[in-house]
Every structure is written in C-alpha cells, then in structure tokens.
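A.B. asks: Dropping the sequence and predicted coords here.
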Amino acid sequence: MRLSLPTDRLILETLLEGRNLAANIAESVDRSRNYLNQRMALLHDYGLVAKVGPVEGTGLYEITPKGVAALRLIDEYEEGPEFENLVEERAELIEVRPPAIIDERADES
C-alpha cells in the first residue's frame, strides 16, 4: 500500500462524514478531479474505499473498515507490510454502517 499524504488522509477524512461523489471530494480537498480520480482508484484497489451504487460507475464512494483503520493509524504510516498488517488487524474490529462507524477500539488510539 502506497499512500500519498496529505491527500489520502483528506480523502478518508471527508468520507468519514459519509458517502460522497468523487467530484465533491475533489472540491473539498482542493485537488484536481483527474488527480483525485487516480487516488480514488488506488484507494479502491487497496480496499480503503468502496464504490457504491445505485448505478455502477457513478463515482459515489464510502469508506471501508480498512479505510477507517488506515486513517486511524496514518500517523504511523511507512510504506511496506508492517503498516498494511496493522491496518488489516485493526480493520477486523471496525464495522461501517452508513452513516455510522463503529470502532471497538476508538478510545484506545
């Protein structure tokens, strides 16, 4: 997993507020739509965000448990398997129920 900071942090923080369109996220984080679309594709590949319908390809995204875990651990980010393993372990404890996020260990961070 290779994150681009601070952009990916801003994207994930925006999605903590709820599902959103890529165009809105680009505006919110003050990045070009082209760049944001590239980042969203990578974050999707990493499993940090999910594309949601009702129509496929609409650019509507939501954060995943893995995305919440990555955001909570982002200050410890270093590219490589150690960070990815931490994210995977933490993600198992997180449940995302739009619009709510339940994190059993939120008080421990």
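C.D. replies: Perfect, I can see it now. Residues are numbered from 1 along each chain as shown.
A.B. asks: just for the protein, where's the confidence low?
C.D. replies: Confidence mapping of the chain against pLDDT under 70 gives the ranges 54, 56-57, 98-102, 107-109.
A.B. asks: Repeat the analysis, applying 80 as the threshold.
C.D. replies: 53-59, 96-109 (pLDDT under 80).
A.B. asks: burial of the closest residue to Ser28 other than its chain neighbours, as a residue count?
C.D. replies: In space, and not counting its chain neighbours, Ser28 is closest to Thr14: 5.1 Å by C-beta to C-beta, 6 or more residues apart in numbering. C-beta: built from backbone N, CA, C; applies to glycine. Applying other C-beta atoms under 10 Å, we find 18 other residues in the vicinity of Thr14.
A.B. asks: Which SSE is immediately downstream of the longest helix along the chain?
C.D. replies: In the chain, with assignment by DSSP state H, the single longest helix is helix 33-45. Where DSSP states H and E defines the elements, the next helix or strand beyond helix 33-45 is strand 49-51.
A.B. asks: In contact with Arg2, which residues are there?
C.D. replies: Applying C-beta atoms under 8 Å, 6 or more residues apart in numbering to Arg2 gives the contacts Leu42, Glu79.
A.B. asks: secondary structure class for it?
C.D. replies: coil (DSSP: H, G, I helix; E, B strand; the rest coil).
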